[in-house]
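Visitor: curious how this folds, go ahead:
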Amino acid sequence: MNPITYCMNVHKGESLESIQAALRDVTIPLREALGEPGAFPIGLRLSAAAAQQLRLPTTCHRFSTFLSHNDLAVIGINGFPYGAFHDACVKTSVYQPDWASPARSAYTRDLFYALSHLPVARMGDYVPSVTTVPLAYDEGHGISENIFEELCSIALFLRKLEGFTGKRMCLALEPEPDCLLESTQTTIDFFERLWRHPLWVPAYRNYIGICFDTCHFALGYEDPLHALRTIVSANVPVARIQVSAALEFNRYTTAEDLRPFIDQQYLHQTRRREANADLTCFDDLTEEVLPQIVGQSGRIHYHVPLAWAGTAQLESTRRTLTSAFWRYVRAGGWPLEVETYTYFVYPEAFRKRTLSEWLLEDLLWVKRQLQSV
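Guide: The predicted model follows:
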């Protein structure tokens, strides 16, 4: 069955020491509660600071030994947020530096260096991956030439790294609302342009793909199964699937229901669905947006727990993850990663469970879906 884990971007802390503390305090007890045999797959999140720490061979060796000693194996690394991700206002700055900046490329190379030296989970035909920003936040300028050049350079780097280490790895761009990659069509269009670029060669094909986040596609009212099938049919490599759900509101939802989900840390792109199925898009969920969506239906880029079924006023897009979706995912064998990084800004109603309790329930929910098909 598909490797199932959770993304460690839910944990606070940017240093390697804080990562090891999270592994000891949460991940290892979680593995014991799940009772899974063999090495437990983990989805690391490394900031630029932690990645730089792992550039030192002795530090990298100690961390690798720590993982092996505790029977932990990496499915990949979240290389999306470059710096602080919790207890800070990230909003659109989470996409910086983007792929127009050499700093993004340098950070990503550090992550692949670390990944090549860590124990990795066996995943059938799939290889360890580093997830990254969807090129850049869309400010209306299109995809610049240097983005194509940076990605071609990364593909060459990964091919050379495989030659040196014997380990193939993949860069996984993560389409997200309001970014240069945000939908099935923008994703396919980009890859077709990338594959035609003068610096691209066919041998790079499997080194750059996508991380498919179910919340992000559902936000645009794309059926996750259809979106995933279409991307696979277009020969775009899918390196990892992040299983997540967006918050959904309806005509019964009040401002009081939605207000607790407004926060000053993360970007919560909001979509109001019109009677003709068109979408009216809002950059973020704010107090000013509330009067424009109350009494309407729509979805918000706010990752809610998968184990939460919703209420009459507030729902979850987990219902878009149908039995047919799970059959396709199971047949594909992709590694699965639960991503609910919003835990520390959850409203009080969600904070009645601890982080460990939510993670356990979410992982068990995913496991049940796969076993039921």
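
Visitor: so the closest residue to F157 other than its chain neighbours, which of the three states?
Guide: For F157, ignoring the flanking residues on the chain, the nearest one in space by CB to CB, 6 or more residues apart in numbering is R109 at 6.2 Å. All C-beta atoms are positioned from the backbone trio N, CA, C, and that covers glycine. State at R109, reduced to three classes by DSSP: H, G, I helix; E, B strand; the rest coil: helix.

Visitor: can you tell me the number of residues neighbouring R109?
Guide: Residues lying near R109 (other CB atoms under 10 Å) number 18.

Visitor: likewise for G166?
Guide: Neighbourhood size, G166 [other CB under 10 Å]: 8.

Visitor: pull out the buried positions in stretch 244-263.
Guide: 244-250, 253, 257-258, 261-263 (16 or more other CB atoms under 10 Å).

Visitor: same question, stretch 282-301
Guide: Buried, per 16+ other CB under 10 Å, within stretch 282-301: F282, D284, L285, V289, L290, I293, S297, G298, R299, I300, H301.

Visitor: burial of the closest residue to the last one other than its chain neighbours, as a residue count?
Guide: Once flanking residues are discounted, H301 sits nearest to Q269: 4.3 Å by CB to CB, 6+ apart. The number of residues packed near Q269 is 22, by other CB under 10 Å.

Visitor: quick one: Q269 from W200, how far?
Guide: 31 Å (CB to CB, to the nearest Å).

Visitor: I'd guessed L67 sits against V120; true?
Guide: No - between L67 and V120 there is no contact under CB atoms under 8 Å: 9.7 Å.

Visitor: could you name every residue contacting both of those two?
Guide: A73, V74 (CB atoms under 8 Å, 6 or more residues apart in numbering).

Visitor: any weak-confidence spans in this structure?
Guide: Scanning the chain for pLDDT under 70 picks out nothing.

Visitor: helices along that one, start to end?
Guide: Applying DSSP state H to the chain gives helices spanning 16-22, 28-34, 48-53, 57-69, 102-116, 145-165, 184-195, 214-219, 224-233, 255-258, 290-293, 323-332, 355-371.

Visitor: distance to I4 for the ones you listed - can I get that in JSON lines?
Guide: Formatted as JSON lines, these follow (distance: least, CB to CB, whole Å):
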{"stretch": "helix 16-22", "distance to I4": "18"}
{"stretch": "helix 28-34", "distance to I4": "9"}
{"stretch": "helix 48-53", "distance to I4": "24"}
{"stretch": "helix 57-69", "distance to I4": "18"}
{"stretch": "helix 102-116", "distance to I4": "19"}
{"stretch": "helix 145-165", "distance to I4": "25"}
{"stretch": "helix 184-195", "distance to I4": "24"}
{"stretch": "helix 214-219", "distance to I4": "14"}
{"stretch": "helix 224-233", "distance to I4": "17"}
{"stretch": "helix 255-258", "distance to I4": "31"}
{"stretch": "helix 290-293", "distance to I4": "34"}
{"stretch": "helix 323-332", "distance to I4": "11"}
{"stretch": "helix 355-371", "distance to I4": "6"}
